[in-house]
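In: quick one: sequence plus predicted model below, questions after.
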Amino acid sequence: MLLTRIKGPRDLDRLSQEELDQLAAEIRSFLVDAVSKTGGHLGPNLGVVELTIALHRVFESPKDKILFDTGHQAYVHKLLTGRQDFGNLRFKGGLSGYPSRAESDHDVIENSHASTVLGWADGLAKANEVLGREDHHVAAVIGDGALTGGMAWEALNNIAAAKDRPLVIVVNDNERSYGPTIGGLANHLATLRTTDGYERFLARGKEILERTPVVGKPLFETLHGAKKGLKDFIAPQGMFEDLGLKYIGPIDGHDIEALESALQRAKRFSGPVIVHCLTQKGRGYTPALEHEADRFHAVGVIHPDTGLPVSTDAASWTSVFADEMVKLGKERKDIVGITAAMLQPVGLKKFADAFPDRIYDVGIAEQHGATSAAGLATGGAHPVFAVYATFLNRAFDQVLMDVALHKCGVTFVLDRAGITGTDGASHNGMWDMSILQVVPGLRLAAPRDAEQLRAQLREAVEVKDAPTVVRFSKGVVGPAVPAVGKIGGMDVLRAPGAEVTRPDVLLVSVGALAPMCLEIADLLDKQGISTTVVDPRWVKPVDEALAPLADRHRVVVTVEDNGRTGGVGAAVSQALRDAGVDVPLRDFGIPQRFLDHALRKEIMAEIGLTAPDIARQVTGLVAKLDGRYESEPAAAVD
């Protein structure tokens, strides 16, 4: 196999055109076989095989910087830079599903949030200029989906202003992010795609000129790089050149020879250049090409021949939300859905199918989505903006100043909240309950099970004068956790016997960690420690009944799937201080560090967020209050 002989990018230089085509086929076969065993981003990588090969033949990584926006299409890049052990892809100890500086000097950007690559490229090109590195180049790969993000256009505004600063921007145009790309930019790129007169003209010219000895190929390259006048006559690509950016394309993104020719010309140019490449997401794998929703953007473990899942999961948090949104849509005509280019992943596809006139895909533009939601609410609708928890970070200013300040009734539904695991550091939704604590008037719900998700979503959309947030975990929803009583707005999940006049521990359980908190209470009970377990349901604002309840206990413990700094535990602590309740409090959650990719349960064990770990520390705290082994304090969580 040719692939096994590729230990680094320069090994590509020795291959003939025929061998490069063979290598591309081997890479596609490898990807289908490897990713079907572990899950991962399959469709995007199948679409960039030839493009990645061409990039590494033209540019000299790591001296030259090859950057990937979002990074979910970097598997081919990993293979060509010496990383061919995909056995534990995205699992503990294995390769990351995104570029990783810890893995290779060839990786630059780890952040898998979209639309950032052009800002990075602008900065790196400026650094080359400042430090006089004329032999260094920067090539940034950005998809047409990521180009819908405002950050991309902010960067283009700066890039275009520096007409003599070299920078190559490769637009990987496959008409999709997760699903089909939408909006004005998508329409413009579609025009470029479908205006095929230019490419037909060049194809015919290439056929004739390549038969011309000696001067044929140089003449063709000159023609293909012709000035704006000729190309404007045939294809309306003027938008990019009107920005001051040299434009080359459209190029067949699966023709290595054409790609190399275009990239070489872009590399030689003394200013910013856009190379527009047309690729096919899922190329070479029939099940992906036939999957209209997202062309196998991300898959679990599948059968490599059929593309079908090996096992069927039980109901997920996302599916529960999806079904309830359809029910709400039937009951209320004012409810509309908003997504940031992730209709299927966040569970709004069913709503879109049922109410196509009440769904808005804003593209990869969370900031615009939040402000647009404020406008919708002001106009009388009730928008439900569904987004991954980690991506709401990008729209914090809009939540604060556009939605909350204006007292707009907007519901934000945060999928993948808490530790998500295998997608790595940038996908863990561990900041939302901290950053949202500072938003005046905002109300935040953390459902513990499917029944509560349905109920709290309904409660959220009833609020007309403030933003509401409903957050839930990734994956399968757990069993129902019934309440045994109610105190204020809080559900009591476990109460000590009536004979206990002052229980030892008040355990505040946040969201999906309720089963674990009940397990903690069982372990404490075996140590003779009485425990009350409550679920606040709405964790912001802190329920007024919590402080008096805490005052009737010896210790308060909070457990949350969120960063400890500024999270629910911190809010509860402040509420107790404000109420003059002087009871020891321990907050358990996620330490404030970026967590390596691994299974959720492995990460939970690593950071001590498990029932035995927490029960052990709470037992030590109660023992200390009792005056036992005072010289041996309980260990800190982090």
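Out: Arrived safely.

In: C-alpha only now, for contacts and for neighbours.
Out: Fine.

In: tell me the SS of residue 589?
Out: What DSSP: H, G, I helix; E, B strand; the rest coil gives for residue 589 is strand.

In: is it true that it touches residue 609?
Out: Yes - the pair residue 589 / residue 609 is scored as a contact, 6.6 Å apart, by CA atoms under 8 Å.

In: who does the strand ranked longest in the chain pair with, and is each partner parallel or antiparallel?
Out: In the chain, assigned by DSSP state E, the strand with the most residues is strand 555-563. Strand 555-563 sits in its sheet next to strand 505-509 (parallel), strand 585-590 (parallel), going by DSSP bridges.

In: tell me how far that strand is from the chain's mean position?
Out: Distance of strand 555-563 from its chain centroid, counting by CA atoms, centre = their mean, to the nearest Å, is 25 Å.

In: just to revisit the earlier point, tabulate the strands paired with strand 555-563 in JSON lines, adding columns for distance to residue 117.
Out: Compiled in JSON lines, the strands paired with strand 555-563 are given as follows (distance: least, CA to CA, whole Å):
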{"stretch": "strand 505-509", "distance to residue 117": "39"}
{"stretch": "strand 585-590", "distance to residue 117": "29"}
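
In: among those strands, which comes closest to residue 428?
Out: strand 585-590 (10.3 Å; CA to CA).

In: pull out the buried residues from the next helix or strand after the closest one.
Out: Using DSSP states H and E, the next helix or strand after strand 585-590 towards the C-terminus is helix 600-606. By neighbour count with 16 or more other CA atoms under 10 Å, helix 600-606 contains the buried residues 600, 603-604.

In: what do you get for stretch 518-534?
Out: For stretch 518-534, a neighbour-count test (16+ other CA under 10 Å) marks 518-524, 529-534 as buried.

In: avg pLDDT for that stretch?
Out: Mean pLDDT, computed over stretch 518-534, is 96.

In: dump it to PDB, restricted to CA.
Out: Below are the C-alpha coordinates for stretch 518-534, written out as PDB (Å, rounded to 0.1, in the frame of the first residue of the first chain):
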ATOM      1  CA  LEU A 518     -29.100   9.500  45.000                       C
ATOM      2  CA  GLU A 519     -26.200   7.000  44.900                       C
ATOM      3  CA  ILE A 520     -24.100   9.400  47.000                       C
ATOM      4  CA  ALA A 521     -26.900   9.600  49.500                       C
ATOM      5  CA  ASP A 522     -27.100   5.800  49.700                       C
ATOM      6  CA  LEU A 523     -23.300   5.600  50.300                       C
ATOM      7  CA  LEU A 524     -23.500   8.300  53.000                       C
ATOM      8  CA  ASP A 525     -26.500   6.400  54.600                       C
ATOM      9  CA  LYS A 526     -24.200   3.400  55.000                       C
ATOM     10  CA  GLN A 527     -21.800   5.600  57.000                       C
ATOM     11  CA  GLY A 528     -24.700   6.700  59.300                       C
ATOM     12  CA  ILE A 529     -24.900  10.200  57.600                       C
ATOM     13  CA  SER A 530     -28.400  11.400  57.000                       C
ATOM     14  CA  THR A 531     -29.000  13.200  53.700                       C
ATOM     15  CA  THR A 532     -31.700  15.300  52.000                       C
ATOM     16  CA  VAL A 533     -31.500  15.400  48.200                       C
ATOM     17  CA  VAL A 534     -33.200  18.200  46.300                       C
END
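
In: which outside residues touch that stretch?
Out: For stretch 518-534, the external contacting residues (CA atoms under 8 Å, 6 or more residues apart in numbering) are 490-496, 500, 503-509, 517, 611-612, 614-615, 619, 622.

In: and with 6 Å instead?
Out: Under the contact criterion CA atoms under 6 Å, 6 or more residues apart in numbering, stretch 518-534 has outside partners 491-495, 503-509, 611, 615.

In: just send these back as JSON lines, with pLDDT and neighbour count too.
Out: Formatted as JSON lines, the contacts of stretch 518-534 follow (pLDDT from 0 to 100; neighbours: other CA atoms under 10 Å):
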{"residue": "491", "pLDDT": "98", "neighbour count": "18"}
{"residue": "492", "pLDDT": "98", "neighbour count": "20"}
{"residue": "493", "pLDDT": "98", "neighbour count": "22"}
{"residue": "494", "pLDDT": "96", "neighbour count": "20"}
{"residue": "495", "pLDDT": "95", "neighbour count": "17"}
{"residue": "503", "pLDDT": "95", "neighbour count": "19"}
{"residue": "504", "pLDDT": "95", "neighbour count": "21"}
{"residue": "505", "pLDDT": "97", "neighbour count": "26"}
{"residue": "506", "pLDDT": "98", "neighbour count": "25"}
{"residue": "507", "pLDDT": "98", "neighbour count": "27"}
{"residue": "508", "pLDDT": "98", "neighbour count": "28"}
{"residue": "509", "pLDDT": "97", "neighbour count": "29"}
{"residue": "611", "pLDDT": "95", "neighbour count": "21"}
{"residue": "615", "pLDDT": "96", "neighbour count": "20"}
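
In: just these now: which is nearest residue 417?
Out: Taking CA to CA as the measure, residue 417 lies nearest residue 509 of those, at 15.3 Å.
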